[in-house]
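Participant: below are the sequence and a predicted model; questions follow.
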Amino acid sequence: VDGKYHPVDSSAQSFEIAGSLGMQEAVPLASPTILEPVMTVTITVPESNMGDVMSDINTKRGRVLGMTPIGNNLQQITANVPQAELLHYATDLRSITQGRGSFKMEFYQYEEVPGNVQQEIITNYKKAQETKK
């Protein structure tokens, strides 16, 4: 915070090193957390598949917001689900509903990743960094 530039002793590299060391000390003190995008998903499914779809939403860390009958034995489910859990959702939903379900999603907000998932992300990141060495 109180650094000064001196033409003889200062260089870009010394400021980069000082900045890096400062960050290494400050970040753990700030209690950082990982955020993830959460999507609002609207799923249209036959009533006969409601239970399986609801169960699948729960396994994806989703929160069901509501269910609405829309006629022709169809139900519309609205849920908030982390985007990371929806990467293969089109295939999953097709499998659960034998191709009779559909969905749309839009960004809702960022939320803190649960502690156990954060730990998994950090572990995977560290492993990836080790393989680069």
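Facilitator: Nice, thanks for sending it over.

Participant: give the contact list for the residue lying closest to Ser48 once chain neighbours are set aside.
Facilitator: Among residues not flanking Ser48 along the chain, Asn73 sits closest, at 7.5 Å (CB to CB, 6 or more residues apart in numbering). Backbone N, C-alpha and C define where each C-beta goes, glycine included. By CB atoms under 8 Å, 6 or more residues apart in numbering, the contact list for Asn73 reads 46-48.

Participant: distance to Ile17, secondary structure and neighbour count for these - can I get that in a markdown table?
Facilitator: Formatted as a markdown table, those follow (distance: CB to CB, whole Å; DSSP: H, G, I helix; E, B strand; the rest coil; neighbours: other CB atoms under 10 Å):
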| residue | distance to Ile17 | secondary structure | neighbour count |
| --- | --- | --- | --- |
| Pro46 | 62 | strand | 15 |
| Glu47 | 64 | helix | 12 |
| Ser48 | 64 | helix | 12 |
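
Participant: and which of those is nearest Val64?
Facilitator: Glu47 (15.3 Å; CB to CB).
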